[in-house]
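Q: Next come a sequence and a model predicted from it.
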Amino acid sequence: MKHLRFVFLMVVVLVIAVQPALMQEVITATPGQEVDMLLLPKALGNAVFDQAHEGAMEAHAELENPGELIFNGPSEASAPGQIDIIESAITQGVGGIMISANDYEQLLPSTTRAMEEGITVVTWDSPVDPSGEALFIAQVDFSETGTVMADMALRILGEEGGQFAILSATPDASNQNAWIASMQEVLESDAAYANLELVTIVYGNDDPDDSYNEALGLIDSFPELELIMAPTTVGIAAAAKAMQDEGLCGQVAVSGLGLPMEMQEFVENGCSQEFALWSFSDLGYLTYYVTYMLQTGAITAELGVTFEAGRMGTYTIEEDPTREGGLRVLMGPFSVYSAENLEEWAIPAEGS
Ligand code: RAM
């Protein structure tokens, strides 16, 4: 009995001693501080960026920021369009700029100038070179994206393989370029992928019409093509629509990174077999939290800094293994959507 009491006492002492140390390290935000924030997507009119905006608005309200949350982007996914918006945000004197970048290098003079003016620059979804940002909010691990896409291709084409093409976004998009490079590495890394033959990479500029036409071009140029892999929500939906219109569903598969609400009909009618994504509203929410906490001085952009991002919980700033000298906050996870788990993600038709 005495022994038990001693053990119990030791446990209590330990908990009391260790807990404050643990708790001190997780930093929380101080709500109510005024910071004008700009959420800058690659382009307007893309549903995933609207979802990120919703997440950012949720965080903005939760943190009771009396400042403004501006959501503005170019009408087409282009670096010059983003530069103009960053420049006017600097003149306006915003406190935080959150960018999904159309180019890894071209935005640097503007983002660097913004940082010199005391503005927190955080990238999300698609980063810039680490010299032009405080850190990057990575939706998923970029090298994992290659594995996810290679495995989807393998499940669709089987071990006998076949020809496939990549339909990407803009040629300079840093996220898509990193994912394509990672997929190519994965394909070469294991004999299991040996029969998956990548025949070409084309670009639909995250524009529905361009992407649709590029998909049609692919089936013209490669009559043996069996799969279009599109690491862009705009590209995958346009490719699936093109295959549907051509009556090629079942013959040419469509996969990649897609938004469930845009892809549901194509999974239901067999034009797309499976695709993957993450939550864009969570990404917007987390990005807002980090930018607010950096700009209000609650945290600094340094390795090992641990903080709490509201409903999403605790995160730690870490080295970005996919970008030398870069820092990231890693969100995740990936979700894979297919006919097999359709019941879990499909939006039921009205009246059913
Ligand atoms: C498009 C955009 C975005 C990317 C998704 C997967 O909506 O290119 O940057 O993350 O696809």
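A: Received it, and whenever you're ready, just let me know what you need. What you see is a predicted model, and the numbers here were worked out from it, not measured in a lab.
Q: can you list the residues of the stretch 151-300 of the chain near the ligand?
A: For the stretch 151-300 of the chain, the residues in contact with the ligand (Cβ under 6 Å from any ligand atom) are 169, 173, 175, 206, 232-234, 257. Every residue, glycine included, has its C-beta placed from N, CA and C.
Q: in the stretch 51-200 of the chain, what residue is nearest the ligand?
A: Here the stretch 51-200 of the chain gets closest to the ligand at one residue, residue 169, 4.1 Å apart by Cβ to the nearest ligand atom.
Q: how many other residues sit next to that residue?
A: 29 (other Cβ atoms under 10 Å).
Q: My guess is it contacts residue 234. True?
A: Yes - counting by Cβ atoms under 8 Å, residue 234 is a contact partner of residue 169 at 6.9 Å.
Q: okay, and the common contacts of these two?
A: 204, 206 (Cβ atoms under 8 Å, 6 or more residues apart in numbering).
Q: Tell me which residues touch residue 266, please.
A: The neighbours of residue 266, taking Cβ under 8 Å, 6+ apart as the test, are 237, 240-241, 244, 249, 254, 272.
Q: Tell me which of those fall in strands.
A: Among the contacts of residue 266, the members falling in strands (DSSP state E) are 254, 272.
Q: of all the contacts of residue 266, which comes closest to residue 114?
A: Residue 114 has its nearest neighbour among the contacts of residue 266 in residue 237, at 33.2 Å by Cβ to Cβ.
Q: That closest one against residue 208, yeah?
A: Yes - using Cβ under 8 Å as the test, residue 237 is close enough to residue 208 to be in contact (7.4 Å).
Q: These two - which one has more neighbours?
A: More crowded of residue 237 and residue 208, by other Cβ under 10 Å: residue 237, with 26 against 16.
Q: How about the more buried one, nearest residue that isn't a chain neighbour?
A: Excluding its sequence neighbours, the residue lying closest to residue 237 (Cβ to Cβ, 6 or more residues apart in numbering) is residue 262, at 4.5 Å.
Q: which element is the one you found on?
A: Using DSSP states H and E, residue 262 falls within helix 260-268.
Q: Going by neighbour count, which residues in that helix are buried?
A: Neighbour-count burial for helix 260-268 flags 260, 262-264, 266-267 (criterion: 16 or more other Cβ atoms under 10 Å).
Q: didn't residue 253 look like it was pressed against residue 272?
A: Yes - judged on Cβ under 8 Å, residue 253 makes contact with residue 272 at a distance of 7.4 Å.
Q: who's more crowded, the two?
A: Using other Cβ under 10 Å as the criterion, residue 253 and residue 272 rank with residue 272 on top: 30 against 27.
Q: Just grab the bridge partners of the more buried one for me.
A: Beta-bridge pairing of residue 272 under DSSP bridges involves residue 254.
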